[in-house]
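Student: Predicted model follows, preceded by the sequence.
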Amino acid sequence: MISVRLFVVACLIVACIGCGKKEGEGPAPASASAAARAAGVANPLENPQMQGAMPQLPEGHPAPEKLAGESGEMDFSGIAPPDGGKTVGEIIASKASLAGQVVKLRGKVVRANPGIMGRNWFHVRDGTGEAGSDDLTVTSSAVAKVGDKVLVEGKLLVDRDFGYGYKYAAIIEDAAVVVE
C-alpha cells in the first residue's frame, strides 16, 4: 500500500514540474528527473522547485501503515539462522564485507509488496539488530505473506539506488524465498 502511495506522489511530482515557472522561462522539463538535473539535484524529491509541493493527507485520512512487528505484535522468538546462515542484524552490520556474496537467513515477513517492477518485495525481520538495522528488504519471484516464516538465500547488494528516494543500504535481490 505504501509503495502505491509513493508512486502516486511521484506521479504528482511529475505532473507539477514546471507549475512554478514564470512566463518566458521556457518549457517545463519532460520529466521529474530532467527537472532535478536542471536544478542540479540527483533526487527529484529533493528538488528545490518542489519544496512545499508534497500533498498533505486529508483530515481524517488514516496514517500510513507501519511494518508488522513495529508495534511489538509479531513474535520473533525461536527464529534461528539456517546452517551456514546469518541473522538480519549480522548481515546489516557486516554488509560491506558481505557485499556481492550469497547470504542465507531465516526470518518473518513483516511487509509484502507483490508485483512491483516485475518482482515481489518483502521486508524480513528476525528480532536481531537495533532500530534502523533490524529489517532487510528482499526481492523475489516467490510468494509470501505478512507473518510467514521464510528461509531466504540470495546475493546481498549494498547502496542500491532505484531513484525517487528508493535507496537501500542493504538488499537481497532475486532471492530464493521458501515459506517454512
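Tutor: All right, it came through fine.

Student: The lengthiest strand in the chain pairs with which strands?
Tutor: In the chain, taking DSSP state E as the definition, the longest strand is strand 102-116. When pairing is defined by DSSP bridges, strand 102-116 lines up against strand 119-125 (antiparallel), strand 149-161 (antiparallel).

Student: What's the mean pLDDT across the longest one?
Tutor: Spelled out, that is strand 149-161. The average pLDDT for strand 149-161 rounds to 96.

Student: Tell me the helix or strand right after that strand.
Tutor: Downstream of strand 149-161, the first helix or strand assigned by DSSP states H and E is strand 167-179.

Student: same check, this time on the shortest one
Tutor: Toward the C-terminus, strand 119-125 is succeeded by strand 136-140 as the next helix or strand (DSSP H and E).

Student: Give me the contacts around that following strand.
Tutor: Strand 136-140 is touched from outside by 88, 91-92, 105, 107, 119-125, 152, 154, 168, 170-177, with contacts defined as CB atoms under 8 Å, 6 or more residues apart in numbering. Placement of C-beta: from N, CA and C, glycine included.

Student: which ones are touching Y168?
Tutor: T137, L157, D159, R160, D161, F162 are the contacts of Y168 under CB under 8 Å, 6+ apart.

Student: Okay, domains of this structure per the record?
Tutor: Each domain of the chain is listed here as a residue range: 2-50, 88-179, per automatic domain parsing.

Student: The ones you listed: lowest mean pLDDT?
Tutor: domain 2-50 (a mean of 49).

Student: Helix, strand, or coil at V143?
Tutor: Secondary structure for V143, judged by DSSP: H, G, I helix; E, B strand; the rest coil, is coil.

Student: Nice, that's everything, thank you.
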